[in-house]
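Visitor: Provided below for reference: sequence and predicted model.
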Amino acid sequence: MITLGDYLIVIFMALELMLNAANLSLVAFSRFRLGPDGLPDYNAQVLVFFVITVAAAEVAVGLAIIVALFRTRRTTHVEDINTLKF
Amino acid sequence: MIGFGAAVVINRNPIASALSLVVSFLGLSVLFVLLNAFFIGVIQVLVYAGAVMVLFLFIIMLLDLRAEKIRKINWLTFGGGVFVSLSLLIQILAVIGSTKMAKQPFPPLASPRMDDVRNVGLLLFENYNLPFQVIAVLVLVATIGVIVLSKRELR
């Protein structure tokens, strides 16, 4: 469904949604697989923490790239950006 | 939550899709809290609904994006995306339904109240100390990269 979005920013939002889906499955597995002491498996939650951090950094860099692209090309439509070198 | 997630992609107006993304993230954090992952739920609200969404809305309003007119949809790529995602969904459902684990409910916790933040923090600083510092370097590099990209002269 990511092919529906025409703006680069909307595609970024869809990317965030996918990362969050992975996070949700990780947390569900951590709840499902209890340790010997009856607590959830916290390794998965640490992994979710890392995923959230990397996603935030990636969003910052991606939005900076979009702004730089808008400055040089005056557009953020996906179909208008079809050359590698400009 | 899934409905708002679909609204992110379907909406033609970028601001409307950003706001539905906020609602979707809030619903996701409620799910995290219901799964007894309180720390992750709070982090979700703080980082996503707070920081990332402000960033998205700021960029949308900075670039002054309008609700776009309906362009010609490439039906081949659209059909391909629908086909791939639907087949993946069917396959995952079949695999999960065929295992024994799908029948049994969630095992009960030892105690309903637990030190969620303390346990995650202990694990983070004992077993995962090196990845934690690598993540710190990554965030630093991302910050420097954003500053370099945002400078007026790109070349």
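Guide: Looks like it came in fine.

Visitor: the residue positioned nearest the centre of chain A: what's it in contact with?
Guide: Central residue of chain A (CA atoms, centre = their mean): A:Glu16, 3.3 Å from the mean position. By CB atoms under 8 Å, 6 or more residues apart in numbering or on different chains, the contact set of A:Glu16 is A:Ala55, A:Val59, B:Leu21, B:Tyr48, B:Val52. Quick note: C-beta positions are derived from backbone N, CA and C, even for glycine.

Visitor: which one of these has the most neighbours?
Guide: Using other CB atoms under 10 Å in any protein chain shown as the neighbour criterion, B:Leu21 leads the contacts of A:Glu16 with 29 neighbours.

Visitor: looking at the contacts of A:Glu16, which are in helices?
Guide: A:Ala55, A:Val59, B:Leu21 (DSSP state H).

Visitor: quick check: phi and psi at the residue nearest to the centre of chain A.
Guide: phi -60, psi -40 (degrees, to the nearest 10).

Visitor: with distance to B:Ala136 and pLDDT added, can I get the ones in helices among the contacts of A:Glu16 in TSV?
Guide: Shown next, in TSV, are those (distance: CB to CB, whole Å; pLDDT from 0 to 100):
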residue	distance to B:Ala136	pLDDT
A:Ala55	16	90
A:Val59	17	90
B:Leu21	27	88
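
Visitor: nearest to B:Ile135, of these?
Guide: Ranked by distance to B:Ile135 (CB to CB), those are led by A:Ala55 at 11.5 Å.

Visitor: just to check, the closest one is in contact with A:Leu17?
Guide: No. The pair A:Ala55 / A:Leu17 is not scored as a contact, 10.8 Å apart, by CB atoms under 8 Å.

Visitor: so which pair among the contacts of A:Glu16 is furthest apart in space?
Guide: A:Ala55 and B:Leu21 (12.9 Å).

Visitor: may I see the buried residues of stretch A:61-70?
Guide: Buried residues in stretch A:61-70, counted by 16 or more other CB atoms under 10 Å in any protein chain shown: A:Gly62, A:Leu63, A:Ala64, A:Ile66, A:Val67, A:Leu69, A:Phe70.

Visitor: just those residues: which are in helices?
Guide: Within the buried residues of stretch A:61-70, residues falling in helices by DSSP H are A:Gly62, A:Leu63, A:Ala64, A:Ile66, A:Val67, A:Leu69, A:Phe70.

Visitor: what's near enough to touch the fourth one?
Guide: Listed by CB under 8 Å, 6+ apart, the contact set of A:Ile66 reads A:Leu8, A:Ile9, A:Phe12, A:Thr76, B:Ile59, B:Leu63.

Visitor: quickly check: the helix of greatest length in chain B near chain A or not.
Guide: The longest helix of chain B (DSSP H) is helix B:75-97. Yes. Using CB under 8 Å from any CB of the partner chain, helix B:75-97 comes into contact with chain A via B:Thr77, B:Phe78, B:Gly80, B:Gly81, B:Val82, B:Ser85.
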